[in-house]
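Engineer: no sequence for this one, just the structure:
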């Protein structure tokens, strides 16, 4: 599924989330992980790392939680929670964050009392973790930036990978508008069926970020309630308002494509740009590593490996 056009700000509304979620579940074997459980597991890994790093007492009065001399502040939470997860975390998940931080601090402080932080295996793992985090920081600095891509590169990639842009299944190009209530949904349907311009009607009845969106969908990745209503529509037809879990949606059929047909460059442009960016990052990684190797003394003694029985490792 792909969203495009001047109305792509609708990418976060419920129908698209539902479509993406159903597609993801099919692709990953319908694993029964809730969003909250995933977030808490993700955050708990951070707690364990952060617990080993905080050692400076903070001023009185700013602690969300306190365990001995260690405190957790709002600033700590804002720093520790990954930016890509912040908009998904609510009050209950923040409270769980604090509870898990308290648990991890209690355990950490007890481990310190037993001098387990001086254990050679623990120290070895901490050194390994420090090395990996530092390397990741270097790679982020070098590779996270966007690389310039020309239109010629995009066109060349498209023509060199035409087979990858062949449709495996029939696909439709839809536009849709979402509104919150049935009455305006009926009104906009009438306006569209009387020949109203889709984008103008979208702005009139939905407005703002709910003004509409373009979708490219196969029947398999579309929720059944939508698929049964729109996949039989003729090109140019307007659907009746469909009530879904986040409002009423009205669809317009723009195009239909048969299985085996070629996806146009305009439809695949964003995906191609992302793939070229990934390739350029790989190229930069190899280039950087080669440059560093040329300026570093490296010794190898692989003969020693012959003296180590494989099962002893």
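Structural biologist: Cool, the structure landed. These figures come from a predicted structure and were not determined experimentally. Numbering: from 1, shown residues only.
Engineer: who are the contact partners of residue 256?
Structural biologist: 170, 171, 172, 173, 235 (C-beta atoms under 8 Å, 6 or more residues apart in numbering). Where you see a C-beta, it was placed from the backbone N, CA and C, and this is true even at glycine.
Engineer: now the first one: how far from residue 116?
Structural biologist: So the one you mean is residue 170. Look at residue 170 and residue 116: by C-beta to C-beta, to the nearest Å, they are 61 Å apart.
Engineer: pick out whichever of the two has more residues nearby.
Structural biologist: Comparing residue 170 with residue 116 by other C-beta atoms under 10 Å, the one with more neighbours is residue 170, at 16 against 12.
Engineer: quick one, what contacts that one?
Structural biologist: Per C-beta under 8 Å, 6+ apart, neighbours of residue 170: 218, 219, 256, 257, 258, 259.
Engineer: filter those to the buried ones?
Structural biologist: 218, 257 (16 or more other C-beta atoms under 10 Å).
Engineer: between the contacts of residue 170, which is nearest residue 249?
Structural biologist: residue 219 (16.7 Å; C-beta to C-beta).
Engineer: isn't that closest one up against residue 168?
Structural biologist: No. The criterion here is C-beta atoms under 8 Å, and residue 219 misses it with residue 168 at 11.9 Å.
Engineer: thinking again about what came up before, now render the contacts of residue 170 as CSV, adding secondary structure and pLDDT.
Structural biologist: Below are the contacts of residue 170 laid out as CSV (DSSP: H, G, I helix; E, B strand; the rest coil; pLDDT from 0 to 100):
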residue, secondary structure, pLDDT
218, strand, 91
219, coil, 88
256, strand, 92
257, strand, 92
258, coil, 91
259, coil, 91
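Engineer: closest to residue 271 out of the contacts of residue 170?
Structural biologist: residue 218 (15.2 Å).
Engineer: quick one, what contacts the closest one?
Structural biologist: Residue 218 touches 167, 168, 169, 170, 171, counting by C-beta under 8 Å, 6+ apart.
Engineer: low-confidence stretches in the protein?
Structural biologist: For the chain, the stretches flagged by pLDDT under 70 are 1-61, 206-212, 310-313.
Engineer: domain parsing for this structure?
Structural biologist: Residue ranges for the domains of the chain, per automatic domain parsing: 2-23+156-257, 34-143.
Engineer: show me where the stretch 151-300 of the chain has strands.
Structural biologist: 171-179, 213-218, 242-244, 247-257 (DSSP state E, counting those that start in this stretch).
Engineer: quick one, which of these is packed in tightest?
Structural biologist: strand 171-179 (a mean of 23; mean count of other C-beta atoms under 10 Å).
Engineer: so which elements touch it?
Structural biologist: With contacts taken as 3 or more C-beta pairs under 8 Å, 6 or more residues apart in numbering; DSSP states H and E, strand 171-179 sits against helix 14-27, helix 182-193, helix 198-205, strand 213-218, strand 247-257.
Engineer: what's the offset of the fourth one from the middle of its chain?
Structural biologist: What separates the centre of strand 213-218 from the centre of its chain is 19 Å, taken as C-alpha atoms, centre = their mean, to the nearest Å.
Engineer: next one: the last one
Structural biologist: Distance, stretch centre to chain centre, for strand 247-257: 25 Å (C-alpha atoms, centre = their mean).
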